[in-house]
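> need a 3D model of the following:
(one chain, ligands or ions: 1)
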Amino acid sequence: MSTNDITAARHELAAARRCVVLTGAGMSAESGVPTFRDALTGLWSAFDPERLASREGFAADPHLVWRWYAERRQGASNARPNAGHLALVGLEARFEQFAIVTQNVDGLHTRAGSRDVLELHGNIVRTKCFAECGVRIDDPRDLPPGEPPACPRCGHWLRPDVVWFGEMLDAEVLERAERLAASCDAMLVVGTSGLVYPAAGLPSLARAAGARVIIVNPNPTELDDLADIVVRDTAARALPALFAAT
Ligand code: NAD
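Next up is the predicted model:
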């Protein structure tokens with residue numbers, strides 16, 4: 001592993017034909033979207049994440065959980081894609097196959113203009129029925145009143161369409177992410193601590209299939225040991241630099 005080798009990273013990307021980018025909360029930090037830990041400051045610091053992001057927590061206090069997500073949804077809607085998101089849009093055309101697999105729920109990759117984005121953990125803007133009757137509301141402007149609102153079909157609560165602690169990921173999305181990881185020749189891993197599975201398992205799948213793994217993160221991560229190259233910088237600084245001369 002070599003650190004900060006942006007030139008080597010550019011060469012690896014230039015030689016690749018199939019590229020997968022795995023992103024986490026750090027990707028959006030420079031857009032002002034707090035990482036999970038940062039989102040638990042101030043008023044919310046007294047709460048345990050599992051109380052705010054689990055079925056059990058929602059069932060125990062749906063009003064509290066709805067309010068926390070409503071605040072984060074507003075924050076994500078107000079945020080704008082940063083130079084890192086935009087650089088990834090520019091990178092797309094350089095590969096035969098290019099996809100972004102994100103753990104983020106803020107929708108910023110799609111809003112930046114990236115075309116193939118797999119949202120492993122859902123999307124905070126969307127809402128679905130807690131009782132899983134099939135109702136999904138994509139636009140917050142279509143939400144019925146209430147905190148949380150009642151499902152227009154079955155009358156149960158509506159909840160954010162994100163994956164909570166203890167919940168399964170969408171099987172089709174995960175399978176596609178695994179197939180892409182196992183068939184790419186370069187994987188760029190940006191702004192993820194590598195602690196949350198199954199997303200954190202994708203770089204080892206790529207590595208086992210012979211891909212080069214490049215990490216972009218200002219801090220050490222659980223995945224550094226399996227990377228070929230680690231770029232110790234932020235997403236909004238490093239990604240445009242990688243793109244500039246690839
Ligand atoms: P994490 O909070 O565990 O880790 C964030 C990582 O980003 C850290 O490794 C940190 O060093 C790095 N980082 C911080 N600033 C950075 C920057 N400017 N550029 C690049 N990297 C930077 O995040 P995670 O690994 O994504 O896991 C947390 C879970 O929380 C995920 O499941 C995700 O779904 C969810 N989440 C999503 C959002 C969002 O949608 N933006 C925000 C918070 C949490």
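> hmm, the lengthiest helix in the chain in reach of the ligand?
The helix that spans the most residues within the chain, counting by DSSP state H, is helix 62-78. No: counting by Cβ under 6 Å from any ligand atom, the ligand is not contacted by helix 62-78; separation bottoms out at 6.6 Å. Where you see a C-beta, it was placed from the backbone N, CA and C, and this is true even at glycine.
> other residues contacting that helix?
32-34, 39, 44, 47, 51-53, 57-58, 105-108, 124-125, 130, 140, 147-148, 157, 159-160, 162 (Cβ atoms under 8 Å, 6 or more residues apart in numbering).
> what's the answer for stretch 200-211, then?
Contacting residues not belonging to stretch 200-211 are listed as 20, 22, 101, 177-178, 181-187, 189, 192, 194, 213, 222-223, 226-227 [Cβ under 8 Å, 6+ apart].
> pLDDT (mean, whole number) over that stretch?
For stretch 200-211, mean pLDDT is 98.
> which residues touch the residue nearest to Val196 when sequence neighbours are not counted?
With Cβ to Cβ, 6 or more residues apart in numbering as the criterion, Val196 has its nearest non-adjacent residue at 6.4 Å, and that residue is Gln103. The neighbours of Gln103, taking Cβ under 8 Å, 6+ apart as the test, are Leu22, Thr23, Gly24, Ala25, Leu120, His121, Thr192, Val196, Ala199.
> inside strands: which ones of the residues you listed?
Members of these lying in strands (criterion: DSSP state E): Leu22, Thr23.
> show the buried residues in the contacts of Gln103.
Using 16 or more other Cβ atoms under 10 Å as the burial test, the contacts of Gln103 include Leu22, Thr23, Gly24, Ala25, Leu120, His121, Thr192, Val196, Ala199 as buried.
> show me which of those residues is closest to the ligand.
Gly24 (2.6 Å; Cβ to the nearest ligand atom).
> surely the closest one is in contact with Val190?
Yes: counting by Cβ atoms under 8 Å, Val190 is a contact partner of Gly24 at 7.2 Å.
> what about stretch 114-121, near the ligand?
Yes: applying Cβ under 6 Å from any ligand atom, one finds stretch 114-121 touching the ligand at His121.
> which outside residues touch that stretch?
Taking Cβ under 8 Å, 6+ apart as the rule, stretch 114-121 contacts 85, 88-89, 92, 98-105, 107, 109-110, 162-163, 169-170, 173-174, 176-177, 180, 199.
> where in the chain is pLDDT low?
Within the chain, the stretches with pLDDT under 70 are 1-4, 37, 39-44, 245-246.
> domain ranges for it, per the record?
1-32+81-121+169-246, 34-78+122-162 (automatic domain parsing).
> most packed of those?
domain 1-32+81-121+169-246 (a mean of 20; mean count of other Cβ atoms under 10 Å).
> centre of the chain to the helix or strand just after the longest helix of the chain, how far?
With elements assigned by DSSP states H and E, the helix or strand that comes after helix 62-78 is helix 83-91. With Cα atoms, centre = their mean, to the nearest Å as the basis, helix 83-91 stands 15 Å off its chain's centre.
> tell me the gap between whichever helix or strand comes after helix 83-91 and the middle of its chain.
Toward the C-terminal end, the helix or strand that comes next after helix 83-91 (DSSP H and E) is strand 97-102. Distance of strand 97-102 from the chain centroid (Cα atoms, centre = their mean) equals 11 Å.
> send the alpha carbons of the longest helix of the chain over as PDB?
Output in PDB follows, covering the C-alpha atoms of helix 62-78 (Å, rounded to 0.1, in the frame of the first residue of the first chain):
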ATOM      1  CA  PRO A  62     -42.600   7.400  16.200                       C
ATOM      2  CA  HIS A  63     -42.900  11.100  16.700                       C
ATOM      3  CA  LEU A  64     -39.400  11.500  17.900                       C
ATOM      4  CA  VAL A  65     -37.900   9.400  15.100                       C
ATOM      5  CA  TRP A  66     -40.000  11.100  12.500                       C
ATOM      6  CA  ARG A  67     -38.800  14.500  13.700                       C
ATOM      7  CA  TRP A  68     -35.100  13.500  13.600                       C
ATOM      8  CA  TYR A  69     -35.500  12.300  10.000                       C
ATOM      9  CA  ALA A  70     -37.500  15.300   9.000                       C
ATOM     10  CA  GLU A  71     -34.700  17.500  10.200                       C
ATOM     11  CA  ARG A  72     -32.100  15.400   8.300                       C
ATOM     12  CA  ARG A  73     -34.300  15.300   5.200                       C
ATOM     13  CA  GLN A  74     -34.500  19.100   5.200                       C
ATOM     14  CA  GLY A  75     -30.700  19.200   5.600                       C
ATOM     15  CA  ALA A  76     -30.200  16.800   2.700                       C
ATOM     16  CA  SER A  77     -32.600  18.800   0.500                       C
ATOM     17  CA  ASN A  78     -30.800  22.100   1.200                       C
END
